[in-house]
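**Q** Below is the sequence, then the predicted model.
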Protein chains: 2
Amino acid sequence: MGCFDEGHFNGELENGVSMCSEVEDEANTAAIEDAVKILLLGLGEDINREGLKKTPIRVAKALREGTRGYRQKVKDIVEGALFPEAGLENNKIGHAGGAGGLVIVRDIDLYSYCESCMLPFQVKCHVGYVPSGQRVVGLSKLSRVAEVFAKRLQEPQRLADEVCLALQQGIRPAGVAVVLQCTHIHFPDIESIFLESNQKGWVKIHVSSGSGVFENKNADVWADFFYLIKSRGIDMENIHVRGSSDQCWCPSLSALSTKVSSKIGPINPAMVTAVSSILNSLGEDSVRKELAGTPNRFVKWLLNFQSIDMDVKLNGSLFGGIKPLSATCEVVNNIDKQIYSELNLPFWSQCEHHILPFHGVVHIGYFLSEGFNPIGKSLLQSIVHFYGFKLQVQERLTKQIAETISPLLGGNVIVVVEASHTCMISRGIEKFGSSTATIAVLGCFSTDLASRTSFLQSIANATSSGGQ
Amino acid sequence: MGCFDEGHFNGELENGVSMCSEVEDEANTAAIEDAVKILLLGLGEDINREGLKKTPIRVAKALREGTRGYRQKVKDIVEGALFPEAGLENNKIGHAGGAGGLVIVRDIDLYSYCESCMLPFQVKCHVGYVPSGQRVVGLSKLSRVAEVFAKRLQEPQRLADEVCLALQQGIRPAGVAVVLQCTHIHFPDIESIFLESNQKGWVKIHVSSGSGVFENKNADVWADFFYLIKSRGIDMENIHVRGSSDQCWCPSLSALSTKVSSKIGPINPAMVTAVSSILNSLGEDSVRKELAGTPNRFVKWLLNFQSIDMDVKLNGSLFGGIKPLSATCEVVNNIDKQIYSELNLPFWSQCEHHILPFHGVVHIGYFLSEGFNPIGKSLLQSIVHFYGFKLQVQERLTKQIAETISPLLGGNVIVVVEASHTCMISRGIEKFGSSTATIAVLGCFSTDLASRTSFLQSIANATSSGGQ
């Protein structure tokens, strides 16, 4: 099973991690809460401000929930879900039913945490097996077992191997195959974000694991498996080869990301210690080799979102020295009737309620009042990133962008933010495909439906033509 | 709020349905178990056979879980999730942040039970509100509140109205808008299924509900809302108009479905009583007017899947009198090297582990041995429906189809079944996009990779060109 630590795993599978008592559970949750407070203080936040007051308990509960796999046993799931099912009648040659004949459950949406950086990553899981011994397993169990291992700190290849081995041991079929399409948020920082090459939002990897008749990568049955997931754009050729570069998928491990940005400043050791304590409270061993650098990397990511003095930055180099013309600018009514717009400006942000990333695109539209000049795309992008790299809520981000550019243009501005929120797929609600749109309308956009419609239509057009 | 019974609803929202005690919960689950046993007996099943032994408890738990909304309070969900958030600075004209500026969460996948027939239906939910009073609600709460009302016996318009009113009362914003895209499994029966017009798999409806600034359907803010969900193919024009035909969306209420098929036989009153008792055990009032005919309709649907003597039917009129040539037919090796195939034959079936529908398509491929004739599409479709209309598991369905046609062709057959299982989206795992593929291979298809590959490739081609 390659890099997979079978001994460690067997211990878990056979004996199970003992279920936490309620007291232990409360103690662990409280310890995470304390650690989150240290992280918030390290970001320069006031932990008593309204938006953050309940963040530590919310984060503690979300993390415990998101890693509940440490406290679950595969045996409990599979037991009682094996059903006797006849194979072919004696006079028939072939494979079907409870003795041969591939069974695949495709497109199981999962969600895991990256062991290198603690950020969540998404998984599209395809899992199959070839029944033997005249028995089949309830289909939902394939998904439930995959979920047990996804709800831990993971690395894609290990996740695939663990699901595969657990099913092989639990069902004892002729073989098990697991193919995962994993998607990790890109790891920009407030400095490198302005380089064009860092604008990509996702890192993707495909991994596979096989046991029994799937142990050999060249077995015919793998060909059958890949044909049945063909429309997902995945085949044997684009599966990552297990080996030395296994650790490279997480963007936090790339060369660019390991140097500490001058914008971030030194990493506070108390924050690193706090993250180590979180790992231990989740039931992990924070000193195992794969986790050695994780607290440091997580803190480094988090520091991108530290609270900074807005006035200093607004008038400083970040926005190229441009100042709002007047702090009390009124809407100027003498306007150019053309809508200027910049669509699909990417942004990254961090939800202050859950300390989880949300990211997406910002669309900006405006009328130009007499005496004002259009704003270039790069300045708009800078403003978007400036307000993105904070502990935020999407409604506030939308408002801040609109308020910042409004006095530069004469007051007639519309801002639409479209985002995916990691917090919408954690904490048990797991709404994988959901997205959130928010609008801020200033000046004539707040009263003139035709102007709004014209701008919103241009977003719809850009989206349907693949602009997003 | 139209047809919506506000008084009844307010009672629930303000006082909440009292949470069941553990004792009550166990008693209700046991009562459902007993009722399910009566239903299985009514279908002519042996309730002690392996596949069905745990079905009553599995169904009871799934139904209690799937209707947990009766035991949840909106107040508990929204409380503590309202965050202070400033509106625009005083000198700005417009709407944003905690005072105006639309917020929409789009594409929330939900799952509900139809109050007319008790079958599940899928919901794509888009929910928005306009903040007021300098506060916003945590985004996940919009989804959680929608879930409370989805997890009950519902009708689309009522579901939209209840979610809308609950959010309006819970958040007190300037207005709430709810748009639902609902999809109900078509309600075929073993008789009408052979009419071409009944081959459609789904009935769809779009409904909306609005309060506050969304109360007027012609309000400008609705235009904004629809632009932001435009790529979903939904706009004001294709929203169902609330009114007299509200009750018609469920296919069980159509004229064709209300007559009892001659193939089904008379409806057993003990089964109808059992379903009424299930409704009461879920926390419903089985005598409320919308539920009056539900037990009867559910039993009628279920009777499509009753156990029937296969030999009688196989040699009878259903398959046009065709008999297998020989019960001990060997694989005939002298074959025509062309693969004959019928792709995308639709089927409906009922999962015997959960008594929930699964449905999809069957692909059949074969070589023709010397002395045999090809089988026409309509006979293949009949065989597929014959084995579909039972309490089934997909692995067995696949095997039975292959075993039935194999002796008619000389033994070289491949059958692939692709299906969506309702049980994969209930019972808490809620894997909305997942699908299951199973294969049976007989004769040379079990050994010859090239033949399998050629057939599987033809499925992949048919699927990618929109054949499925």
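**A** Right, received. Where do you want to start? Numbering: from 1, shown residues only, chains lettered A, B, ... in the order given.
**Q** Can you tell me how far A:Leu303 is from A:Leu356?
**A** Going from A:Leu303 to A:Leu356 by C-beta to C-beta, to the nearest Å gives 16 Å. Every C-beta, even on glycine, is put in place using the N, C-alpha and C of the backbone.
**Q** Please read the previous query as pertaining to A:Val23.
**A** With the distance defined as C-beta to C-beta, A:Val23 ends up 28 Å from A:Leu356.
**Q** Please compare those two by neighbour count and tell me which comes out ahead.
**A** Per other C-beta atoms under 10 Å in any protein chain shown, whichever of A:Val23 and A:Leu356 has more neighbours is A:Leu356, with 22 against 8.
**Q** Okay, strands next: where are they in the stretch 301-450 of chain A?
**A** Using DSSP state E, counting those that start in this stretch, the strands of the stretch 301-450 of chain A run over residues A:335-351, A:356-369, A:391-392, A:413-421, A:435-442.
**Q** how is chain A carved up into domains?
**A** Segmentation of chain A into domains, based on automatic domain parsing, reads A:6-303, A:310-464.
**Q** nearest to B:Asn334, of these?
**A** Of all the domains of chain A, domain A:6-303 sits nearest to B:Asn334, with 15.4 Å by C-beta to C-beta.
**Q** Mind checking the strands of the stretch 301-450 of chain A for the one nearest to A:Gln168?
**A** Distances from A:Gln168 to each of the strands of the stretch 301-450 of chain A were compared using C-beta to C-beta; the minimum, 33.5 Å, belongs to strand A:356-369.
**Q** pLDDT averaged over the closest one - what is it?
**A** Across strand A:356-369, pLDDT averages out at 93.
**Q** any idea of the pLDDT on the residue of the stretch 101-250 of chain A found nearest chain B?
**A** Sorted by distance to chain B under C-beta to the nearest C-beta, the residues of the stretch 101-250 of chain A start with A:Tyr227, at 3.6 Å. Reading off the per-residue confidence, A:Tyr227 sits at a pLDDT of 94.
**Q** One more: A:Leu253?
**A** 80.
**Q** Could you check how far A:Ile47 is from B:Arg242?
**A** Counting by C-beta to C-beta, the gap from A:Ile47 to B:Arg242 is 48 Å.
**Q** the more surrounded of these two?
**A** Taking other C-beta under 10 Å, A:Ile47 and B:Arg242 do not tie; B:Arg242 has more neighbours (18 against 15).
**Q** Point out where the stretch 101-250 of chain A drops to low pLDDT.
**A** Low-confidence segments of the stretch 101-250 of chain A, defined by pLDDT under 70: A:187-201, A:243-247.
**Q** can you pull out the helices in it?
**A** If DSSP state H, counting those that start in this stretch is used as the criterion, the helices of the stretch 101-250 of chain A fall at A:139-150, A:156-171, A:220-228.
**Q** of those, which approaches B:Tyr387 most closely?
**A** For the helices of the stretch 101-250 of chain A, proximity to B:Tyr387 was assessed by C-beta to C-beta; helix A:139-150 is nearest, at 17.8 Å.
**Q** Show the secondary-structure elements that that closest one is packed against.
**A** Other helices and strands packing on helix A:139-150, by 3 or more C-beta pairs under 8 Å, 6 or more residues apart in numbering or on different chains; DSSP states H and E, are helix A:74-78, strand A:103-114, strand A:120-130, helix A:156-171.
**Q** So which bits of the stretch 151-300 of chain A are right by chain B?
**A** A:Asp220, A:Ala223, A:Asp224, A:Tyr227, A:Leu228, A:Lys230, A:Ser231 (C-beta under 8 Å from any C-beta of the partner chain).
**Q** ok, back up a step: got a markdown table for the helices and strands packed on helix A:139-150, with mean neighbour count too?
**A** A markdown table is the format used below for the helices and strands packed on helix A:139-150 (neighbours: other C-beta atoms under 10 Å in any protein chain shown):
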| stretch | mean neighbour count |
| --- | --- |
| helix A:74-78 | 18 |
| strand A:103-114 | 22 |
| strand A:120-130 | 24 |
| helix A:156-171 | 24 |
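**Q** which one of those lies closest to A:Ile185?
**A** Counting by C-beta to C-beta, A:Ile185 lies closest to strand A:120-130 out of these; the figure is 7.3 Å.
**Q** Send over that closest one as CSV, restricted to the C-alpha atoms.
**A** The C-alpha coordinates for strand A:120-130 follow below in CSV (Å, rounded to 0.1, in the frame of the first residue of the first chain):
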residue,chain,number,x,y,z
PRO,A,120,-10.0,22.4,3.9
PHE,A,121,-9.9,20.7,0.5
GLN,A,122,-12.7,19.3,-1.6
VAL,A,123,-12.9,15.7,-2.8
LYS,A,124,-14.9,14.2,-5.6
CYS,A,125,-14.8,10.5,-4.6
HIS,A,126,-15.4,7.5,-6.9
VAL,A,127,-15.3,4.2,-5.1
GLY,A,128,-16.0,0.7,-6.3
TYR,A,129,-15.6,-2.9,-5.4
VAL,A,130,-16.0,-6.4,-6.9
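**Q** follow-up on the earlier one: of all the strands of the stretch 301-450 of chain A, which lies closest to chain B?
**A** Scanning the strands of the stretch 301-450 of chain A with C-beta to the nearest C-beta as the criterion, the closest one proves to be strand A:435-442, at 3.3 Å.
**Q** any bit of the closest one sitting next to chain B?
**A** Yes - Strand A:435-442 lies within reach of chain B by C-beta under 8 Å from any C-beta, at A:Ser435, A:Thr436, A:Ala437, A:Thr438, A:Ile439, A:Ala440, A:Val441, A:Leu442.
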